[in-house]
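Q: One predicted model, sequence on top.
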Amino acid sequence: MKKYISLSVKCPHCGKSLMDDEELLNGKSSIKLNIQTNSSRGVIYLCSYYECFDYTTEVPLTEKEAVEFTCPHCNKELNTKEECRVCHAPMVSLLLQTGGKVSLCSRTGCSNHYVAFEDLSTELQKFYETFGS
């Protein structure tokens, strides 16, 4: 049986939590971010389970469109200069509350994402303490 891990993230700029306890996806708090497309702007709620690509938004998203993500607290851009290895769109980087970061592709429909730890042994220990084996 697959074990799902719900990640808690915060803004890399202001350090405030990006978790939204009111907008649940798959029974867990969602990740709330502001987005802007070529034609509109609004809010997106991402599923906080790692490997889950569910989201809700009222912004019309076009398949394969790169989206600009910003923090709902400080409004700073979350897209980075790092390029997606799959589709070459900018990656979006968020800090994990337990340490390290999660990065995801900014292009609609691309499922490239990963978790990275700065100090692997310390961060893995925190990760296992938080999420179990």
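A: Yep, that arrived.

Q: Quick one: distance of stretch 50-61 to the chain centre.
A: In terms of Cα atoms, centre = their mean, to the nearest Å, the gap separating the centre of stretch 50-61 from the centre of its chain is 10 Å.

Q: Stretch 58-77 now?
A: Centre-to-centre, stretch 58-77 and its host chain are 11 Å apart (Cα atoms, centre = their mean).

Q: Give me the residues contacting that stretch.
A: Where contact means Cβ atoms under 8 Å, 6 or more residues apart in numbering, the residues beyond stretch 58-77 that reach it are 11, 13-14, 16, 18, 32-44, 78-79, 87, 89-90, 92, 106-110. All C-beta atoms are positioned from the backbone trio N, CA, C, and that covers glycine.

Q: In this structure, mark out all the strands, start to finish.
A: With DSSP state E, the ranges of strands along the chain come out as 9-10, 19-25, 28-36, 41-46, 55-57, 68-70, 79-83, 90-96, 101-105, 113-116.

Q: Output those strands as CSV; include the columns mean pLDDT.
A: Formatted as CSV, the strands of the chain follow (pLDDT from 0 to 100):
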stretch, mean pLDDT
strand 9-10, 97
strand 19-25, 97
strand 28-36, 97
strand 41-46, 97
strand 55-57, 96
strand 68-70, 98
strand 79-83, 96
strand 90-96, 96
strand 101-105, 95
strand 113-116, 87
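
Q: Would you mind putting those strands into TSV with mean neighbour count alongside?
A: As requested, the strands of the chain are exported to TSV (neighbours: other Cβ atoms under 10 Å):
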stretch	mean neighbour count
strand 9-10	18
strand 19-25	14
strand 28-36	19
strand 41-46	17
strand 55-57	15
strand 68-70	18
strand 79-83	12
strand 90-96	20
strand 101-105	19
strand 113-116	13
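
Q: Give me the residues contacting stretch 19-26.
A: Contacts of stretch 19-26 with the rest of the structure, by Cβ under 8 Å, 6+ apart, involve 8-9, 29-32, 45-49, 52, 54-56.
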